[in-house]
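[1] No sequence on hand, only this structure:
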C-alpha cells in the first residue's frame with residue numbers, strides 16, 4: 001500500500017524512527033542496521049516501506065534501500081518468521097551477509113541473531129536458498145570491498161582460502177570476513193592468506 005515515503009527524520013528510538021512528511025509523523029519500525037545509518041534529525045530522506053495490517057496492529061517497517069526491504073519480505077515468507085524475527089536478523093547482519101549465509105547453508109551464523117534458534121535458521125535456508133542466485137551472491141561477496149588495485153587473479157586465491165577455512169570447521173561467513181580483511185598482493189599465496197585469515201579469526 002505504501003511503497004516509500006520521503007520526509008525528514010524527527011525522532012529515533014530503540015527500534016523505530018519517526019519520519020515527518022506533509023505534516024504527518026510516521027512511526028516506522030526498522031532494524032538496528034538502518035537506525036544506525038540514519039542521518040541527523042531534520043535531514044530529508046527516502047524510506048522504502050512495508051505496510052503490515054494484522055488483527056491487533058497496523059505497522060510500518062522502513063529500510064534505506066530496496067535490497068534490504070526485499071530480503072525482509074523474503075524472510076517474512078518463511079513459516080514461523082515474523083517481523084520481529086526478521087528485524088532481529090537484519091539488525092545483526094547486513095543484507096549481503098544474510099544472503100551469503102543462506103546460499104552457503106550457514107545456519108550457525110543466522111542463529112546468532114537474538115531469538116533465532118537453529119531450527120528457524122535451518123528453515124530460513126531451506127525455504128530461501130533456491131530463491132537466491134548463489135553464483136551472483138558469492139561473486140558479489142567475494143568482490144565486495146576489494147580495492148581495484150588488487151590483481152584480477154586474486155579471487156581464486158580468496159576462494160581457495162575460504163574453502164580451506166570452512167574445511168577446518170569455520171562458518172562460510174566468518175571465513176569470508178577473515179579473508180576480506182587480509183592484505184592481498186599479486187604474490188600472495190593461499191598459504192599466506194590462510195595465515196593472515198587465521199589471525200583475524202582469533203578476534204571473531
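    Alright, I've got the coordinates. Remember, predicted model here, so these are calculated numbers, not experimental data.
[2] Need the single longest helix in the protein, by residues.
    helix 154-167 (DSSP state H).
[3] Can you tell me what sits against that helix?
    142-143, 146, 172, 174-176, 178-180, 184, 186, 188-190, 193-194, 197-198, 201 (CB atoms under 8 Å, 6 or more residues apart in numbering). For the C-beta atoms, the positions are set from N, CA and C on the backbone; glycine is no exception.
[4] what packs against the next helix or strand after that helix?
    Heading C-terminal from helix 154-167, the first helix or strand you meet, by DSSP states H and E, is helix 172-181. Helices and strands touching helix 172-181, by 3 or more CB pairs under 8 Å, 6 or more residues apart in numbering; DSSP states H and E, are helix 95-103, helix 107-110, helix 154-167, helix 190-201.
[5] In helix 172-181, which residues are buried?
    By neighbour count on 16 or more other CB atoms under 10 Å, the buried set for helix 172-181 is 172-180.
[6] How is this structure partitioned into domains?
    Taking automatic domain parsing as the reference, the chain has its domains at 4-64, 66-144, 145-204.
[7] Same list (the ones you listed) but as a markdown table, adding mean pLDDT.
    Compiled in a markdown table, those are given as follows (pLDDT from 0 to 100):
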| stretch | mean pLDDT |
| --- | --- |
| domain 4-64 | 95 |
| domain 66-144 | 90 |
| domain 145-204 | 74 |
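[8] now the farthest one out in this structure, which residue is it?
    The centre of the chain is farthest from one residue, residue 23, which by CA atoms, centre = their mean lies 32.8 Å away.
[9] related to what we said a few turns ago, how far does the longest helix of the chain sit from the chain's center?
    21 Å (CA atoms, centre = their mean, to the nearest Å).
[10] Mind listing what's buried along stretch 32-42?
    Applying 16+ other CB under 10 Å to stretch 32-42 flags 33-35, 38 as buried.
[11] Would you map the strands across the protein?
    Using DSSP state E, the strands found in the chain span residues 4-12, 16-21, 24-29, 44-53, 58-63.
[12] Tabulate these in a markdown table, adding columns for mean neighbour count.
    Converted to a markdown table, the strands of the chain look like this (neighbours: other CB atoms under 10 Å):
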| stretch | mean neighbour count |
| --- | --- |
| strand 4-12 | 15 |
| strand 16-21 | 18 |
| strand 24-29 | 16 |
| strand 44-53 | 16 |
| strand 58-63 | 20 |
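[13] In TSV: those strands, plus distance to residue 105.
    As requested, the strands of the chain are exported to TSV (distance: least, CB to CB, whole Å):
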stretch	distance to residue 105
strand 4-12	33
strand 16-21	33
strand 24-29	29
strand 44-53	27
strand 58-63	25
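[14] show me what contacts the closest residue to residue 161 other than its chain neighbours?
    Leaving aside its sequence neighbours, residue 161 sits nearest to residue 193 (CB to CB, 6 or more residues apart in numbering; 4.3 Å). Residue 193 sits next to 157-158, 161, 179, 182, 184 when contact means CB under 8 Å, 6+ apart.
[15] Same check on residue 82?
    So residue 82 contacts residue 76 (CB under 8 Å, 6+ apart).
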